[in-house]
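> only geometry, no sequence info:
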Ligand SMILES: Nc1ncnc2c1ncn2[C@@H]1O[C@H](COP(=O)(O)OP(=O)(O)OP(=O)(O)O)[C@@H](O)[C@H]1O
Ligand SMILES: [Mg+2]
């Protein structure tokens, strides 16, 4: 039987590599023959735009419309009407309109379970559904945490704050405690934008291990910093398509293996 894993890629801190990780972990998993859906749960729509959709607000159906449909208790459209396909990856797009969903969700009946109602029927089509969260712990992120099986936290070691991470871990346990998602599991921290040859980063890593190692797994694989990441985005490609032999591609590929092995 097909078992789909829904993974929320979350960190309320901005610019830590959530979207880059969603795209490149997704790409690696697809390369391994997995059926993958990427969900853009951020009104900034960076994920959607990174596939070359320059004007997401011109798309006929985005996550915003689907959330509205669930809130109004209407039937969801067939998946072919809103899912975009780029080579081996399927995308559920978003647009700036999604910002308004934060507010409409607050007053909705099953306000935390709206995204779950959209994603659960899609589980049978995929091996992995990766949710690219926005940099906040608002209603959309709570919806992602309620809809997922596991949470992966990308973090830039230079800017990792103990308080910020505690807040995120607290939110995850609150989602569990409140019964919004009783089976949610914390995968761990993926270190991104890692500069290997600085003592500063080594010290920070030691600090992370010391402070969080007992609370949360820190993945062996670290994603190095590279200008290729930005260049790939400008080219509407994953780093792995844009620079297949580069160090970031290799790291995301290794990480996908470590990730699958760790969860099987
Ligand atoms: N390994 C890397 N090396 C260099 N630059 C990177 C790397 N990973 C991400 N970036 C760049 O850092 C910026 C932030 O990355 P990304 O958009 O993935 O973060 P994010 O957490 O999704 O941000 P937001 O919180 O705004 O959604 C982007 O410009 C991206 O191209
Ligand atoms: Mg992002």
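Yep, that arrived. These figures come from a predicted structure and were not determined experimentally. Numbers count the residues shown, from 1 in each chain. Ligands and ions are numbered 1, 2, ... in the order given.

> When you work out contacts or count neighbours from here on, use the C-alpha atoms and nothing else.
Noted.

> Let me know the pLDDT of residue 36.
If you check residue 36, the pLDDT there is 98.

> in the sheet, who's paired with it?
Under DSSP bridges, the beta-bridge partners of residue 36 are residue 89, residue 128.

> tell me which element residue 196 falls in.
For residue 196, there is no enclosing helix or strand under DSSP states H and E.

> For the closest residue to it other than its chain neighbours, grab the count of nearby residues.
Using Cα to Cα, 6 or more residues apart in numbering and skipping the chain neighbours, the partner closest in space to residue 196 is residue 224 (7.2 Å). Residues lying near residue 224 (other Cα atoms under 10 Å) number 17.

> ok, now how distant is residue 224 from ligand 1?
For residue 224, the distance to ligand 1 equals 5 Å [Cα to the nearest ligand atom, to the nearest Å].

> so that residue touches residue 190, yeah?
No. Counting by Cα atoms under 8 Å, residue 224 sits too far from residue 190 to count as a contact (11.1 Å).

> returning to that earlier point: what backbone torsions are found at the residue nearest to residue 196?
The phi and psi values for residue 224, taken as degrees, to the nearest 10, are phi -70, psi 160.

> Quick one: the strands in the stretch 151-264 of the chain, in order.
Counting by DSSP state E, counting those that start in this stretch, the stretch 151-264 of the chain has strands at residues 185-191.

> Show me the shaky parts of it.
264 (pLDDT under 70).

> what residues are up against the residue lying farthest from the centre of the chain?
Largest separation from the mean C-alpha position in the chain: residue 199, at 29.6 Å (Cα atoms, centre = their mean). Not one residue lies near residue 199 by Cα atoms under 8 Å, 6 or more residues apart in numbering.

> swap in residue 125?
Contacts of residue 125 were listed using Cα under 8 Å, 6+ apart, and they are residue 35.

> Near ligand 1, which residues of the stretch 101-250 of the chain? Just list them.
Contact residues (Cα under 6 Å from any ligand atom) of the stretch 101-250 of the chain with ligand 1: 134-135, 192-193, 223-227, 229-230.

> Separate out the buried members of those.
Burial by neighbour count, 16 or more other Cα atoms under 10 Å: within those this picks out 134-135, 192-193, 223-224, 229.

> wait, doesn't residue 37 sit right on residue 89?
Yes. Using Cα under 8 Å, residue 37 is in contact with residue 89, at 6.3 Å.

> Overlap in contacts, the two.
Residues touching both residue 37 and residue 89 (Cα under 8 Å, 6+ apart) are residue 26.

> Look at those two and report which has more neighbours.
residue 37 (28 against 19).

> ok, the nearest residue to residue 57 once chain neighbours are set aside - contacts?
Once flanking residues are discounted, residue 57 sits nearest to residue 95: 5.2 Å by Cα to Cα, 6+ apart. Going by Cα under 8 Å, 6+ apart, residue 95 touches 42-45, 48, 56-57, 62-64.
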